[in-house]
Every structure is written in C-alpha cells, then in structure tokens.
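*Asks:* how would this look folded up:
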Amino acid sequence: MARTKVLTFTEKGIYCPAGDFYIDPWRPVERALITHGHADHARSGMGSYLANHAALPVMRHRLGDIRAEGIAFGETRRIGGADVSFHPAGHVPGSAQIRVALGGEVWVVSGDYKLVDDGFSEPFAPVKCHHFITESTFGLPVFRWMPQRDVAGQINSWWASCAAAGKTAFLGAYALGKAQRLLSMLDPEIGPILTHGAVEATNAVLRDQGLRLPATIHATDAVDPKHHPGAIVVSPPSALGSKWARRFGPQESAFASGWMALRGVRRRRAGDRGFVISDHADWSGLLSAITETGAENIYVTHGYTDVFTRYLNENGWQAQVIPTQFEGETLDAGEAR
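*Replies:* Alright, predicted model coming up:
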C-alpha cells in the first residue's frame, strides 16, 4: 500500500491528510495552522485557527472575531495522526515554523523567516527535518544584509540631518513587524517620534503583549506638526507623499526594505532615501537555514524560486518550486504587509 504523504500541495494550500489541517491556506478551510499574522499567511474565512500565542493578538486585530487557539513554541500537539509543533521563525513577533511529524518523517513549513536576531522578535531556531518548505523572497546573491546597528546608524543620521534642516523625516515601513523593528532602532534623543494610525494600532496590540517600544505620538488630524519640530514619522509606504503627509510641510521621505539593495528600485521607489533592511532572510541566511535543517528535500515558494531552486539542485539538494499565493516582501505600497 502506498504511503500517504505527510504534507501535500493543493489548490487551497499546504495540506496534512493525517491531521486534516492546512498550513497558511489561501482559501477557506475548516482547520488552519498559521505561521504568522501577515495578510498573505493569515487570511479570513477559516473555521478555526491555531497559531503561536504571540501571533494571536495581531491576528484578532486584523481578522476580527475568529475561532482561534494559541500554542507555545516547542509544545507538541497530536492532531489526528500527526505530531505538530511551532518553532520561532524570527520574522515578526509570534512568527513560527511549523514542524509536522508522522511515522518517523519530519516536514517543516518555515513561512517567512530571518536569521538575524533583531532584539524584537523571537530569534530563529533551526529545526531538523527531512523536508523543508522555504521562501525565497531575496533568493539572489545580490541580497546580503548589513548589521542592524549599521542600518540604525544610517537612519538616525538621516533623521538628524532632516531635523537640522527644519524638515520632517518620513520613514515608510509595513505596519506589522518592520515598523516596530525600526521604532526600536530609533534614537529618541533626536526628536519626537510620530506614527500613522495603521502603525500605531499595531503598536498598541504589541505593547499590550508586553513588547517594549519607544514613546510615540499618533499623528491624527488633530496633531499640529508645528508643535513637533524635528520629528520622524513612521508610516506605511502608501502614506508617503499623501495629503496626510503633505500637511507636515518641508520633509524628506525614505523607504526601508530589502529591495533597496537594488539601485534601480531605490531610484524608482525610495523617495529621497532608501535603507536596506528586511524581515526576511538574505541569500546567506536562506542557505544557512536550509543547511541547518539537514533536509535533503527542499520546496521553494514565493520569491526568486527558479534561480534559487536551480542553485540548490546544483549544490547537493533535491529542490523543486511550489507555486503558492504567498507574497514575501513586496514593493506594493499596501498597508496589509
């Protein structure tokens, strides 16, 4: 009798027949296990959700009244015939890799991840497995991240120069994860820190979980920019250059993203400045994570899938591309990411 696969790839998402559950499904299913709260991984319409405890508050903030249960990192739970556990992915607070074991065979779905310990998210923890499902958002050798302290120095120097010139600094970053990481890197001695409503709403959720962030001012319409000289405003990319932003008068804008490593993208999308920082693994990080798993079979999703898969196959792994609806870090200026 043919052995049932531990995980299969279906039109609804990654499916475990033995447990009758899906991981990060993109269509409504009865039981969904969720790696983290970003919109391309945690979607509405599921019958029930299981996620790490730290991911649930943001999921509830985004998705509303959902039937959801939390699980601790490292806790093993039997679902049907499969043993399931969640392990830190280092992407954003509460982000997880999901380990599924059955009959001595182990699969790991990594979701989105990074190996850099940003001091804010739970650090990435490699998980030994036979089969590893990995993103490849930045799966090209050109993507290699600088140390976080160096990027922090660049951002704070730029902010200080804006303040000295009488300009407001606008820093564009996704409202969940990236914005809070950047806030933790800012030097409050330079000036006041203001936030767009989408960022401040997420700040409130994370603060309620006990995560530490610097003091921020919600930049509502009632806030007079004249009362906050030398400020930096952290906002979703979509708000840069908007009517809401223009009321702050003279300003410079910057976009913080891994895509800023590409000169053409910096020219087209970064406004006055671009800072290279990402909540996804760079080229070296992807390869290190895969190596640490010990997996021979690699399934590559969202990103530079063809190039990255070819490299893996040429260097000793058995790799294949798996089409999904995950997006990684996009250049879309939407606020959901």
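*Asks:* Least confident secondary structure element in the protein?
*Replies:* Every helix and strand of the chain was ranked by mean pLDDT, DSSP states H and E. The lowest is helix 263-269, at a mean of 66.
*Asks:* Just after it, pick out the following helix or strand.
*Replies:* Moving toward the C-terminus from helix 263-269, the next helix or strand (DSSP states H and E) is strand 273-275.
*Asks:* next one: that next one to chain centre, how far?
*Replies:* The chain centre lies 19 Å from the centre of strand 273-275; the measure is C-alpha atoms, centre = their mean, to the nearest Å.
*Asks:* what's the answer for stretch 139-150, then?
*Replies:* 16 Å.
*Asks:* CA atoms only for that stretch - export them in CSV, please.
*Replies:* Taking C-alpha atoms only, stretch 139-150 is exported to CSV below (Å, rounded to 0.1, in the frame of the first residue of the first chain):
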residue,chain,number,x,y,z
GLY,A,139,17.0,34.4,-3.2
LEU,A,140,19.7,36.1,-5.2
PRO,A,141,23.4,36.6,-4.2
VAL,A,142,23.0,40.4,-4.5
PHE,A,143,20.9,40.4,-1.3
ARG,A,144,23.2,40.5,1.7
TRP,A,145,22.1,42.5,4.7
MET,A,146,24.3,44.9,6.7
PRO,A,147,24.4,44.6,10.5
GLN,A,148,21.3,46.1,12.1
ARG,A,149,23.4,48.6,14.2
ASP,A,150,24.9,50.0,11.0
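*Asks:* What's the mean pLDDT across it?
*Replies:* Stretch 139-150 shows a mean pLDDT of 97 in the predicted model.
*Asks:* Outside of that stretch itself, list whatever touches it.
*Replies:* Stretch 139-150 is contacted by residues 116, 118-119, 185, 258, 261-262, 276-278, 282-286, 300, 303-305, 307-308, 311 when judged by C-beta atoms under 8 Å, 6 or more residues apart in numbering. Where C-beta positions appear, they are placed from N, C-alpha and C, glycine not excepted.
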